[in-house]
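S.K.: Dropping a prediction and its sequence here:
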Amino acid sequence: MQPKPLVELQDVSVRYANGVLALDRITLDVNQKDLLALLGPNGAGKSTLLKVILGLVKPTSGIIKLFGSTDLAKNLKSVGYVPQSAQARDTNLPFSVFETVLLGRTRHAGLLHRMGTHDRKKVEEVLKMFGLYELKDRKIGQLSGGQTQRVFLAKAMVSEPKLLLLDEPTSGVDPASKHDFYGILERLNKESDIAVILSSHDISAITKLATRVLCINRSQFFCGLNEDFSATAELPKVYDHPVEVLEHDHP
Amino acid sequence: MITLESIWTLLQAGFIQRAFIISIIIAILCSVLSIFIVLKRVSLIGDGLAHTAFGGLALGYFIQGIFVAFFSQYVPWLIAGVIVVLGSIGITKAMRSTKISGDAAVAVFLQLGLAIGITLLSLTRVGIRIESLLFGSILLVSFEQILVALVIAVITISIILLFFKELVYVTFDETQARASGIRTWFYDYLISVLAGIVVIVSIPIVGVLLISALLVLPALTSIQFTKSFRQTVILSPIVGLATVVLGVLFSVVFDVAPGGMIVLTGLAIFAVVLLAKRIQESAKK
Ligand SMILES: Nc1ncnc2c1ncn2[C@@H]1O[C@H](COP(=O)(O)OP(=O)(O)OP(=O)(O)O)[C@@H](O)[C@H]1O
Ligand SMILES: [Mg+2]
C-alpha cells in the first residue's frame, strides 16, 4: 500500500483580506523522506504556503490535508515550524534558551499535565546536537541572529516532528553556519526520516540538497523531482528576470 | 509625627492586620497575573477592566437603589462581577480583531464604563462614597472580604497552574503557539477573564484607579533583571509583596491614603530597579 502523503494541497488559493491573491490554485503532495525546496521571488507566497499548511492562514478555496486529515490542528503536534526571521518579540523577553526550546514539548506533555524529566532530557539532547548547550541559560533576546535561528530550529526539532516547515532558515546566517545547517538538515532528512519543506532564496545550495522542488509566484510554475528541475530553464520564468545560478561546491 | 510606640500599637489593631492580610493575598494574585499581562503587552487591560467594573458597580447600586428591600449589600458586587466578566470577553474580542488596535479597544471600554458609572451614580438613591470605589478602603476590610479574596485567589492560581505551559507558550509567541496546535484564543480570554475577576475582588481594597498598577508593576519590575521565565515567576510575587507590605506600612506611619501609598511604593521600587540596572550596565562597559 502506498503510504499516505504527509501534506496534500488540492487547488489551494489564498486571498488576503486586503484583496491580494497570495496563492493561486496550488496543488502539491509531500511524502515521507521528501525534502522539498520552495522557491520564488519576494512576495511569491512562500510564507503564505507554509502558513496555510499550519492553519495560520485560512485558504479561500481548496483542500488541505495534514497526515491525511483535514483537521489540521489535530496533527500539528508532529509538525515543527520555524517562522521567517524567527526571533524573540523583545530583547527583554524573560525566556532562557532552555525554556524557549522546552516550549517545543508543550503539546507532548498533554493538556493539564506538567512537563517532566523526559521532556527536559530531550531538550538537553537537542541543545547539544545543535551546539547550543553552553548557551542554555542565556536570555533568548540577547543572542545573535544566527544563534537565535538555531534555537528556533532546536525548538522545532525537540517536538520530534515528522514534518519540518522552515521559512528561510538561513537568511542572515554566515557561510560556515549555513553549511553546518544544511549538514544537520540532510542528516535529519536521511537518517531520521523527517520530511522537510524549506523556503529559501539560497537557490544553488538547496537545489543540491532537495529531493523535490516547488517553484511558485502566486501560481505554480514547477513542481517535481529535483533531477527534472533545471534552475536555468525554470527560474527566469518565476522570477521574471534572468537568474544566474552560481555553481560552487561547499568546502 | 507619630512615635514608634504608637505605630507598634496601631500595627496590632485588628483592622490594620486585616489590611495586611488582604493586601498580601491581592499582591500575590496580581503579581502572578501581571507576568502574563505585561509580557503579552496588554498592560492597559487592567485599567479598562477596572473602569468597566466601576460602571458595573454603579449599575449594581442603581438597581439596588430601586429595589432596596430585596437586595443584600453583596448584590451590586455580583452584578459588577458579571459585567466585568462580560467586559473582559468584549475587550479581548475587540483586541483580537484586526480592525481596531488593542489600545483603542481598551480605551473605548474604559470610557464606556466610566461614563455609565458616573451617570448612574448621579441617579442612585443609595448613598455611596465615590472615593471609596475610586481609591479603595483597605482599612475597612471585613473578615468576609478576606475569605472571598482567599477563595478567588486559590481558584485563580489553580487555573493558571493547570494551563501553565500553554499560557507560557502563548505568552512567548502567539503565532508559534497556534502553529503547534494550541487554541490560543482560549488562553487570551482566560487571562482577560481572570484579570476581570481579580479586578472586582481588588476594587474594594485598592480602588478602581490603582488596581491596574498592581497588575503591571510587579512583572515590569521583575523582568528588568530576570533571565528566565522561572525567575520571573518567583521574583514577581516577591516584588508584589514588598510593594503592598511596605505601602501599607508607610501609609500607617505617614498617616496617608493606603491605596496611593501602595502604588507609589511600587513605582519607587521600579525606579530603584531601573536605576540599579543602569548602573550595573554602565559598570559592565
Ligand atoms: N497578512 C497579510 N495580509 C495581507 N497581505 C499579505 C499578508 N501576508 C502576506 N501578504 C501578501 O501576500 C503576498 C505573499 O506574501 P508572502 O509573505 O507569502 O511572500 P514570500 O514568498 O514569503 O516573500 P518573501 O520572500 O519576501 O518572504 C505578498 O504580496 C504580501 O504582500
Ligand atoms: Mg516569506
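M.R.: That came through fine. Ligands and ions are numbered 1, 2, ... in the order given.

S.K.: Would you confirm that A:Phe207 contacts A:Phe229?
M.R.: Rather than Phe, residue A:207 is Thr. Yes - the pair A:Thr207 / A:Phe229 is scored as a contact, 6.7 Å apart, by C-beta atoms under 8 Å. Backbone N, C-alpha and C define where each C-beta goes, glycine included.

S.K.: Next up, the contacts around the residue in the stretch 51-200 of chain B that chain A sits nearest to.
M.R.: Residue nearest to chain A within the stretch 51-200 of chain B: B:Gly181 (3.3 Å; C-beta to the nearest C-beta). Neighbouring residues of B:Gly181 by C-beta atoms under 8 Å, 6 or more residues apart in numbering or on different chains: A:Leu72, A:Ala73, A:Lys74, A:Asn75, A:Leu76, A:Lys77, A:Arg107.

S.K.: Please report the distance of the residue of the stretch 51-200 of chain A found nearest ligand 2 from chain B.
M.R.: Minimum separation of the stretch 51-200 of chain A from ligand 2 (C-beta to the ion) falls at A:Gln84, amounting to 4.6 Å. Using C-beta to the nearest C-beta, to the nearest Å, A:Gln84 is found at 11 Å from chain B.

S.K.: That residue: how many residues sit nearby?
M.R.: As a burial measure, A:Gln84 scores 14 neighbours (other C-beta atoms under 10 Å in any protein chain shown).

S.K.: Can you list phi and psi of A:Leu56 for me?
M.R.: phi -80, psi -30 (degrees, to the nearest 10).

S.K.: Tell me how many other residues crowd it.
M.R.: A:Leu56 - counted by other C-beta under 10 Å - has 17 other residues nearby.

S.K.: need the contact list for it.
M.R.: Contacts of A:Leu56 by C-beta under 8 Å, 6+ apart are B:Thr175, B:Arg178, B:Ala179.

S.K.: Redo the residues you listed as JSON lines? Include neighbour count, distance to ligand 1 and secondary structure.
M.R.: As requested, the contacts of A:Leu56 are exported to JSON lines (neighbours: other C-beta atoms under 10 Å in any protein chain shown; distance: C-beta to the nearest ligand atom, whole Å; DSSP: H, G, I helix; E, B strand; the rest coil):
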{"residue": "B:Thr175", "neighbour count": "14", "distance to ligand 1": "11", "secondary structure": "helix"}
{"residue": "B:Arg178", "neighbour count": "21", "distance to ligand 1": "14", "secondary structure": "helix"}
{"residue": "B:Ala179", "neighbour count": "25", "distance to ligand 1": "15", "secondary structure": "helix"}
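
S.K.: just checking: which of those also lie near chain A?
M.R.: Subset of those in contact with chain A: B:Thr175, B:Arg178, B:Ala179, counting by C-beta under 8 Å from any C-beta of the partner chain.

S.K.: Please report how far A:Gly55 lies from A:Leu66.
M.R.: Distance, A:Gly55 to A:Leu66, by C-beta to C-beta, to the nearest Å: 8 Å.

S.K.: between those two, what contacts are shared?
M.R.: A:Leu72, A:Leu76.

S.K.: Which parts of the chain are helices?
M.R.: This is for chain A. A:46-54, A:72-75, A:97-102, A:106-109, A:117-129, A:145-157, A:175-191, A:203-209, A:231-239 (DSSP state H).

S.K.: right idea, wrong chain: chain B
M.R.: With DSSP H as the criterion, chain B has helices spanning B:4-11, B:14-39, B:45-66, B:75-96, B:102-123, B:130-135, B:143-162, B:164-172, B:174-179, B:184-206, B:208-214, B:217-222, B:229-254, B:258-284.

S.K.: and A:Arg212, which of those is closest to it?
M.R.: helix B:174-179 (22.7 Å; C-beta to C-beta).

S.K.: what's near enough to touch the residue of the stretch 151-285 of chain B found nearest ligand 2?
M.R.: Closest residue of the stretch 151-285 of chain B to ligand 2, C-beta to the ion: B:Thr175 (13.5 Å). Shown in contact with B:Thr175 (C-beta under 8 Å, 6+ apart): A:Leu56, A:Pro83.

S.K.: next one: the one 10 residues further on
M.R.: Under the criterion of C-beta under 8 Å, 6+ apart, the contact partners of B:Trp185 comprise B:Arg96.

S.K.: For ligand 2, see how far away the residue nearest to A:Tyr239 when sequence neighbours are not counted is.
M.R.: Take A:Tyr239 and drop its neighbours on the chain: the residue closest to it by C-beta to C-beta, 6 or more residues apart in numbering or on different chains is A:Pro41, 5.0 Å away. A:Pro41 sits 10 Å away from ligand 2, going by C-beta to the ion, to the nearest Å.

S.K.: thinking A:Pro41 is in contact with A:Cys215, fair?
M.R.: No - at 9.9 Å, A:Pro41 does not count as touching A:Cys215 under the criterion of C-beta under 8 Å.

S.K.: shared neighbours, the two?
M.R.: A:Val238.

S.K.: Which one's more surrounded, these two?
M.R.: A:Cys215 (22 against 17).

S.K.: list the contacts for A:Leu21?
M.R.: Here A:Leu21 is in contact with A:Ser13, A:Val14, A:Arg15, A:Arg218 (criterion: C-beta under 8 Å, 6+ apart).

S.K.: which of the residues you listed has the most neighbours?
M.R.: Result: A:Val14 is most packed of the contacts of A:Leu21 (other C-beta under 10 Å), 22 neighbours.

S.K.: OK, contacts around that residue?
M.R.: A:Leu21, A:Ala22, A:Leu23, A:Gly45, A:Thr48, A:Val52, A:Val57, A:Lys58, A:Pro59, A:Thr60.

S.K.: and ligand 1, which of those residues contact it?
M.R.: A:Ala22, A:Gly45, A:Thr48 (C-beta under 6 Å from any ligand atom).

S.K.: roughly how far apart are the second one and B:Gly81?
M.R.: Summarising the geometry, the distance separating A:Gly45 from B:Gly81, computed by C-beta to C-beta, is 48 Å.

S.K.: before we move on, what about the last one?
M.R.: When distance is defined by C-beta to C-beta, A:Thr48 is 43 Å away from B:Gly81.

S.K.: re earlier: which among the contacts of B:Gly181 gets closest to A:Leu132?
M.R.: Nearest to A:Leu132 among the contacts of B:Gly181, with distances taken as C-beta to C-beta, is A:Arg107, at 21.3 Å.

S.K.: correct me, but the closest one touches A:Ser159?
M.R.: Yes - the pair A:Arg107 / A:Ser159 is scored as a contact, 6.8 Å apart, by C-beta under 8 Å.

S.K.: separation between whatever residue of the stretch 1-150 of chain A ends up closest to ligand 2 and A:Arg25?
M.R.: Residue of the stretch 1-150 of chain A nearest ligand 2, by C-beta to the ion: A:Ser47 (3.2 Å). From A:Ser47 across to A:Arg25, the span is 18 Å (C-beta to C-beta).
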